[in-house]
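# here's my sequence, what's the structure:
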Amino acid sequence: MNLKGLGVAMVTPFKEDGSVDFNALPKIVENIVTGRADYLVLMGTTGETACLTEVEKKAIIEAVVEANQGKLPLVIGIGGNNTAKVVEEIYTTDLSKFGAILSVSPYYNKPTQEGIYQHFAKIAKASPLPIIAYNVPSRTGSSIEVDTFVRLAQDFDNIIAIKEASGEMSNAEKIIKNCPAHVQVISGDDALTLPMLLAGAVGTISVLGNALPVPLMKMFHYIEQGELNKAYQLHYELMDLISLIFEEGNPTGIKALMESLSLCKKTVRLPLVAASDALCKKIEKSLEHAY
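Model prediction:
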């Protein structure tokens, strides 16, 4: 799967009573599709997957597939800190509509690098689809070190990419330098999309893209056309809004922005809480000046 361009880590919309808002899902998909994003990522962190039941997951996937109508490629998140359970989920999930699996590095257990290697090795052997490893140490408590990922990419042809969200630009640069040519590096941090692209990343899996895919696609266009001054200008125009949507956590902030745009309610599930009134006001003010 070619992961070049804008991938969007979809939110799961909830009604005020906390139930899944299946009426909002098509609106969100349409906003992303008409914004000319390149692919959708379901069942990731931004989708509050940890707080969904298996029945809800299946229903959400079916609803998104129906709304998408094959317009954009789909990536599914299947990951966790129990390797055997992740492998079982790969075996038991209908993957026919998906082009790749995004799998987060195991969290909470804090494995060694050898443990991380063996975890992804099991997943790679089990998966019929290409694998995108997801490195996000701020959430998992441990990082996929560069040498570990390079080893995985060399040993398993179906480990084709890494979503790099460590905040360390040098990690992405070393992976780009040392990995086989087919391996793709994807930015996992909206604030670093532009510098990551200029360093050689193929694209981004974005949170902001749920609400504002258009300016992000403009940034890609400017880079492709060599108009770097315009790309930088847009990057700096979006900086304040990007900072705000993560101020009280993700997806708390992006849902507040999406409520401002009438895409969905700002409701999240515990242990997350909805954005404060103060943050909502700051987001609305920042939105007036965004791009």
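
# any idea how far Gln225 lies from Thr204?
According to CB to CB, to the nearest Å, Gln225 stands 18 Å off from Thr204. The C-beta positions use only the backbone N, C-alpha and C, and glycine is treated the same way.

# can you pull out the helices in the stretch 151-291 of the chain?
Remark: helices assigned in the stretch 151-291 of the chain by DSSP state H, counting those that start in this stretch are 169-178, 193-199, 213-224, 228-245, 252-260, 277-289.

# before we move on, back to that, and Gln225 and Thr204? which has more neighbours close in?
Thr204 (29 against 10; other CB atoms under 10 Å).

# does the more buried one touch Ala191 like I think?
No - applying CB atoms under 8 Å as the test, Thr204 and Ala191 come out as separate, 10.4 Å apart.

# any weak-confidence spans in the stretch 151-291 of the chain?
Applying pLDDT under 70 to the stretch 151-291 of the chain picks out residues 290-291.

# just the helices in the stretch 1-150 of the chain please.
For the stretch 1-150 of the chain, helices defined by DSSP H, counting those that start in this stretch occupy the ranges 24-34, 54-68, 83-92, 113-126, 137-140, 146-155.

# quick one, the last one and helix 113-126 angle?
Note on geometry: by axes from the mean of the first three to the mean of the last three CA atoms, to 10 degrees, helix 146-155 and helix 113-126 are set 30 degrees apart in direction.

# same for helix 146-155, what does it pack against?
Applying 3 or more CB pairs under 8 Å, 6 or more residues apart in numbering; DSSP states H and E, one finds that helix 146-155 makes contact with helix 113-126, strand 131-135, strand 159-164, helix 169-178.

# of those, which is nearest Met258?
Met258 sits nearest to strand 159-164 of all the helices and strands packed on helix 146-155, at 21.7 Å, using CB to CB.

# parallel or antiparallel, list what pairs with the closest one.
strand 131-135 (parallel), strand 184-187 (parallel) (DSSP bridges).

# now render those strands as a markdown table, adding mean neighbour count.
Listed next are the strands paired with strand 159-164 as a markdown table, based on neighbours: other CB atoms under 10 Å:
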| stretch | mean neighbour count |
| --- | --- |
| strand 131-135 | 25 |
| strand 184-187 | 24 |
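
# got the ones you listed as JSON lines, with distance to Gln118 columns?
Formatted as JSON lines, the strands paired with strand 159-164 follow (distance: least, CB to CB, whole Å):
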{"stretch": "strand 131-135", "distance to Gln118": "13"}
{"stretch": "strand 184-187", "distance to Gln118": "23"}
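
# nearest to Ile116, of those strands?
Set against Ile116 and scored by CB to CB, the strands paired with strand 159-164 come closest in strand 131-135, at 9.0 Å.

# just the C-alphas of that closest one, formatted as PDB.
This file holds the C-alpha atoms of strand 131-135, laid out as PDB (Å, rounded to 0.1, in the frame of the first residue of the first chain):
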ATOM      1  CA  ILE A 131       2.100  -3.700   8.600                       C
ATOM      2  CA  ILE A 132       2.700  -0.100   9.800                       C
ATOM      3  CA  ALA A 133       4.400   0.000  13.100                       C
ATOM      4  CA  TYR A 134       3.300   2.800  15.400                       C
ATOM      5  CA  ASN A 135       5.900   4.400  17.600                       C
END
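
# now it: average pLDDT?
Mean pLDDT, strand 131-135: 98.

# run through who's touching that strand.
3, 44, 75, 77, 79, 100-105, 120, 123-124, 143-144, 149, 152, 156, 158-166, 171, 186, 188 (CB atoms under 8 Å, 6 or more residues apart in numbering).
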